[in-house]
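Student: Everything below, folded, please.
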Amino acid sequence: MQAFPSIRDIPQADIPQWQYDVLSQLKEAVEILAGSRQQGVRAVMNSNLTVQQMDNVAIKRVTAVGSGYNISGNLVADLADYRVLIQNVQDIATSMSNLQTQINNLVAQLEA
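Tutor: Okay, the predicted model is just below:
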């Protein structure tokens, strides 16, 4: 196997961002072709990656408004608002779990 000298990092000063991006991509492509890519850094070379589309993907946010009552100087949450907050937390937890599953599946495909 022939050894290739490493390509120094591209300076980001005094060049437009688009030039830096193009040069970085060219550098990566040359390193991949030469087999000199840094240890632990991998490029995606697999066109068979699949990511399952999630239905109704929307940004989740808390809809509880914090309404309640002041009883003897203590703020006590309104029961209906408290229930909304519980549902919000459960919805967000479910979304995060689904997202984590997708990320794990994608990582498994990349490592294959």
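Student: Tell me the buried residues in the helix or strand of the chain with the lowest mean pLDDT?
Tutor: Least confident helix or strand, the chain: helix 17-34 with a mean of 82, by mean pLDDT, DSSP states H and E. Buried residues in helix 17-34, defined by neighbour count with 16 or more other Cβ atoms under 10 Å: Glu31. C-beta: built from backbone N, CA, C; applies to glycine.
Student: quick one, phi psi at the residue lying farthest from the centre of the chain?
Tutor: Distance from the C-alpha centroid of the chain peaks at Ser72, with 45.7 Å (Cα atoms, centre = their mean). Dihedral angles phi and psi of Ser72 (degrees, to the nearest 10) take the values phi 50, psi 40.
Student: quick one on the thing from earlier: with only the CA atoms kept, save the least confident helix or strand of the chain in PDB.
Tutor: Only the C-alpha atoms of helix 17-34 are listed here, as PDB (Å, rounded to 0.1, in the frame of the first residue of the first chain):
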ATOM      1  CA  GLN A  17     -17.500  30.500   3.400                       C
ATOM      2  CA  TRP A  18     -18.500  28.900   0.100                       C
ATOM      3  CA  GLN A  19     -14.800  28.500  -0.900                       C
ATOM      4  CA  TYR A  20     -14.000  26.900   2.500                       C
ATOM      5  CA  ASP A  21     -16.900  24.500   2.100                       C
ATOM      6  CA  VAL A  22     -15.900  23.500  -1.400                       C
ATOM      7  CA  LEU A  23     -12.200  23.000  -0.400                       C
ATOM      8  CA  SER A  24     -13.200  21.000   2.600                       C
ATOM      9  CA  GLN A  25     -15.300  18.700   0.500                       C
ATOM     10  CA  LEU A  26     -12.500  18.200  -2.000                       C
ATOM     11  CA  LYS A  27     -10.100  17.500   0.800                       C
ATOM     12  CA  GLU A  28     -12.400  14.900   2.300                       C
ATOM     13  CA  ALA A  29     -12.900  13.200  -1.100                       C
ATOM     14  CA  VAL A  30      -9.100  13.100  -1.800                       C
ATOM     15  CA  GLU A  31      -8.500  11.700   1.700                       C
ATOM     16  CA  ILE A  32     -11.200   9.000   1.200                       C
ATOM     17  CA  LEU A  33      -9.800   8.000  -2.200                       C
ATOM     18  CA  ALA A  34      -6.200   8.000  -0.900                       C
END
